[in-house]
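**Student:** Give me coordinates for this.
(chains A and B)
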Amino acid sequence: KQEVTQIPAALSVPEGENLVLNCSFTDSAIYNLQWFRQDPGKGLTSLLLIQSSQREQTSGRLNASLDKSSGRSTLYIAASQPGDSATYLCAETTSGTYKYIFGTGTRLKVLA
Amino acid sequence: NAGVTQTPKFQVLKTGQSMTLQCAQDMNHEYMSWYRQDPGMGLRLIHYSVGAGITDQGEVPNGYNVSRSTTEDFPLRLLSAAPSQTSVYFCASSYSAGGVNTEAFFGQGTRLTVV
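**Tutor:** Purely as a prediction, here's the structure:
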């Protein structure tokens, strides 16, 4: 069974710190890995999409990497800000399917 | 530039009532899906569609029906609401490239409470 795991479940850091969020997946036939942000009571906002042929994607202060051999993706947030406080979700889709499998998320709090 | 639109945003139902959650997208995406989000369980796939007239079951389909008569709309029907269906429901759409999902876009969610 495909599983996606995100550790830690919650993280609290001071403003300005660089941080890494982890996402592990079990299916080596991964096609896409997508990172989302979810604010309380809101929907999911797409942050970065990495295809299996790519190693990483960058958008502003965010950088996501994908290592298929180890079954891991990381989301790096540089110079964190209080506005980055949210829950971060990763989701994978595998070749030949139309389904996204989600992790349970990391709840991030950046302290001013 | 609406993206994925869900209505209503909030709903309270009595046990046994039926209702339809609406989802519409204006991006001409082939693939649409419904998820439910529960505390500690992440998002779970209810039903999905790979195009007009084609639907299939996801991980937790019991108690829900879907149909896809147009590319734009993908309504989710609760046949006889139960308290276990209290959840936040999200609709998503994406473009299918060569039969595989690309980037998924989500609606703002419908918060459903069944009493």
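
**Student:** For stretch B:67-85, measure first residue to last.
**Tutor:** Distance across stretch B:67-85, first residue to last, is 19 Å (Cα to Cα, to the nearest Å).

**Student:** what about it and chain A, touching?
**Tutor:** No: using Cβ under 8 Å from any Cβ of the partner chain, stretch B:67-85 stays clear of chain A, with a minimum separation of 12.9 Å. C-beta coordinates here come from the backbone N, C-alpha and C atoms, glycine included.

**Student:** and that stretch, which residues are buried?
**Tutor:** B:68, B:71-72, B:74-76, B:78, B:81, B:85 (16 or more other Cβ atoms under 10 Å in any protein chain shown).

**Student:** model confidence over that stretch, on average?
**Tutor:** Averaged over stretch B:67-85, pLDDT sits at 97.

**Student:** Can you tell me how far A:Tyr76 is from A:Tyr100?
**Tutor:** With distances taken as Cβ to Cβ, to the nearest Å, A:Tyr76 is found 22 Å from A:Tyr100.

**Student:** Looking only at neighbour counts, state which of those two leads.
**Tutor:** A:Tyr100 (25 against 15; other Cβ atoms under 10 Å in any protein chain shown).

**Student:** Pretty sure that one sits against A:Glu92.
**Tutor:** Yes: the criterion here is Cβ atoms under 8 Å, and A:Tyr100 meets it with A:Glu92 at 7.0 Å.

**Student:** Between the two, which contacts overlap?
**Tutor:** Common neighbours of A:Tyr100 and A:Glu92, using Cβ atoms under 8 Å, 6 or more residues apart in numbering or on different chains, are A:Gln34.

**Student:** which residues sit against the host helix or strand of A:Arg37?
**Tutor:** If you go by DSSP states H and E, A:Arg37 is part of strand A:30-38. Contact partners of strand A:30-38, identified using Cβ under 8 Å, 6+ apart, comprise A:23, A:25, A:44-52, A:62, A:64, A:66, A:68, A:73, A:75, A:86-95, A:100, A:105, B:100-104, B:106.

**Student:** what's the next secondary structure element after it?
**Tutor:** Proceeding N to C from strand A:30-38, the next assigned helix or strand is strand A:44-51, under DSSP H and E.

**Student:** how about that following strand: buried residues?
**Tutor:** Applying a neighbour-count criterion of 16+ other Cβ under 10 Å, one finds A:44, A:46-51 buried in strand A:44-51.

**Student:** Can you name the residues of chain B sitting close to chain A?
**Tutor:** Contact residues (Cβ under 8 Å from any Cβ) of chain B with chain A: B:31, B:33, B:35, B:40-45, B:48, B:50, B:58, B:90, B:92, B:96, B:99-109, B:111.

**Student:** one step back: strand partners (parallel or antiparallel) of the strand holding A:Arg37?
**Tutor:** Counting by DSSP bridges, the strands paired with strand A:30-38 are strand A:44-51 (antiparallel), strand A:86-94 (antiparallel).

**Student:** and of those, who's closest to B:Lys14?
**Tutor:** strand A:44-51 (29.2 Å; Cβ to Cβ).

**Student:** what's the spacing between the next helix-or-strand element following that closest one and its chain's center?
**Tutor:** Stepping forward along the backbone from strand A:44-51, the first helix or strand reached (DSSP H and E) is strand A:56-59. Its chain's C-alpha centre and that of strand A:56-59 lie 12 Å apart, by Cα atoms, centre = their mean, to the nearest Å.

**Student:** Need the three-state assignment for the closest residue to A:Gly83 other than its chain neighbours.
**Tutor:** Residue nearest to A:Gly83 in three dimensions, not counting chain neighbours: A:Val110, with 7.7 Å by Cβ to Cβ, 6 or more residues apart in numbering or on different chains. Judged by DSSP: H, G, I helix; E, B strand; the rest coil, the three-state class of A:Val110 is strand.
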